[in-house]
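1. got a sequence here, can you build the structure:
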Amino acid sequence: MSPTTFELSPELEKYGQQLREWSTREVRSRARAADTTKQTPEDWEAILDTCPVPLGRPDKEGDERPTFEEGYWLAQLVYYENLCYGDLWALPLLSAGIGHLVVDEMGTAAQREKWYDSAMRGESVGAFALTEPHFGSDTSQVATTAVRDGDEWVLNGSKIYCTQGAVADWITVFATTDKSLGAAGIACFIVEAGTPGFSVPKPNESKLGIRNWPTSELLFENCRVPLENRLGWNSKGPDDDTGMVSGQRGALAALSNNRPNMSAMAVGVAQASIDIATELLEARREKMSPRRWDAVSNDLRRMNVALDRARRINFNAGVDIDTGAPSRRTPAMAKAYAPQTCDRIIRRCMQLLGPEGASKDLLLEKWYRDVKIADIFEGSSQVQRIIIAREVVGRLAG
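-> Numbers count the residues shown, from 1 in each chain. A predicted model of the protein is given here:
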């Protein structure tokens, strides 16, 4: 990729195009049913089998996605956008979650080998449990507790909106070991599926959008995990070879790397909305006055320009992550700009189409509901602006 033009290599361009064509044909046709029933199609394996390019499926051995010269994280952006161009319902089936990113940030060598490496190979799925009923963006408010009892930790508390929490093999659970320390007292623990004291009261919570995604409520009642299931620890205590990273910092670092992916997801559905609206409006062009058509086509042009800007901001963040640039600013810029921009784009497409735009005959109203979560997941746009300000002018900003 050229660092100035962001032109993709022919190989990645072709991969993205093939993925988009398949998603438009096979994923989009099941979108309304997934939204209405709040369930993933029962024949999802057969649907995914029809894809002409590797999807990186955790359920299928040998389906590894190819590597590209651009790097892992930038290729992820192409993947997310083109898969979601069809619809969002299939995305959880193709993701190892983000729990493994926390393990990579905070874990010991043994922990990374056990959980991070297995997730990267597609052998396990790890979920991320941070949000609780009484807080959203303020991660310092974690109330779930972890108390040491000999060679075990005892967890008590609850989590909500844990994506894939009901189906994950293991979950990174953030809990406080000392409430008096505030954010500094937060640590992260691995809770494996089936652990006594761990239950899932709601496998899929009722919500505005992404209705088939299994976002779960989790409950921990005297849930005991081994000492070494605390990230950064071994069976004897803190691991001397691992720099101790606070649970809050580990959570934020993991979220930072994945934020451009959430932005690319939003770009995918917004581009689909523009393309559908453009096709329908062009078919009505003869019924519009020249002045009216000029106004409509200008709106469509401006939306495409805004979306291309979002795409470039995403790519800039992907390059920074791939090259190891020590900055949370560019991922925050991607997350601050794209989701809210895509929200406005989809809404404007609906307005241009009139009553049809809000009807269930089209998917725009579904995507309008879906894309709102992209602004909230993994840090809202308001939080991203605080991060950007702190990176630019200092920690006290915001």
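
2. report the buried residues of stretch 318-334.
-> 318-322, 328-334 (16 or more other C-beta atoms under 10 Å). Yep, even glycine has a C-beta here, placed from its N, CA and C like the rest.

3. ok, of those, which one's closest to T278?
-> Nearest to T278 out of these is A334 (C-beta to C-beta; 25.0 Å).

4. quick revisit: can you redo the buried residues of stretch 318-334 as TSV with secondary structure?
-> Shown next, in TSV, are the buried residues of stretch 318-334 (DSSP: H, G, I helix; E, B strand; the rest coil):
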residue	secondary structure
G318	helix
V319	helix
D320	helix
I321	helix
D322	helix
R328	coil
R329	helix
T330	helix
P331	helix
A332	helix
M333	helix
A334	helix
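
5. quick check on the residue nearest to G165 when sequence neighbours are not counted: phi, psi?
-> With sequence-adjacent residues excluded and distances taken as C-beta to C-beta, 6 or more residues apart in numbering, G165 is closest to S216, at 3.4 Å. Main-chain dihedrals, S216, degrees, to the nearest 10: phi -120, psi 150.

6. ok, now the one 4 residues further on?
-> Taking degrees, to the nearest 10, you get phi -120, psi 110 for the backbone angles of F220.

7. if I look at the closest residue to L300 other than its chain neighbours, how far off is R284?
-> Counting by C-beta to C-beta, 6+ apart, L300 lies nearest to T278, which is 5.5 Å off, once chain neighbours are set aside. In this view, T278 and R284 are 11 Å apart by C-beta to C-beta, to the nearest Å.

8. thinking again about what came up before, any idea which of the buried residues of stretch 318-334 is least confident?
-> Lowest in pLDDT among these is R328, which has 87.

9. that one contacts I386, correct?
-> No - using C-beta atoms under 8 Å, R328 is not in contact with I386; the gap is 10.9 Å.

10. help me confirm that the residue nearest to L300 is found in a strand?
-> No - applying three-state DSSP, one finds T278 to be helix, outside a strand.

11. and for it, the neighbour number?
-> For T278, the tally of surrounding residues (other C-beta atoms under 10 Å) stands at 18.

12. and for the one 4 residues further on?
-> By other C-beta under 10 Å, the residues close to E282 number 13.

13. contact partners for it?
-> If a contact means C-beta atoms under 8 Å, 6 or more residues apart in numbering, then E282 has no contacts.
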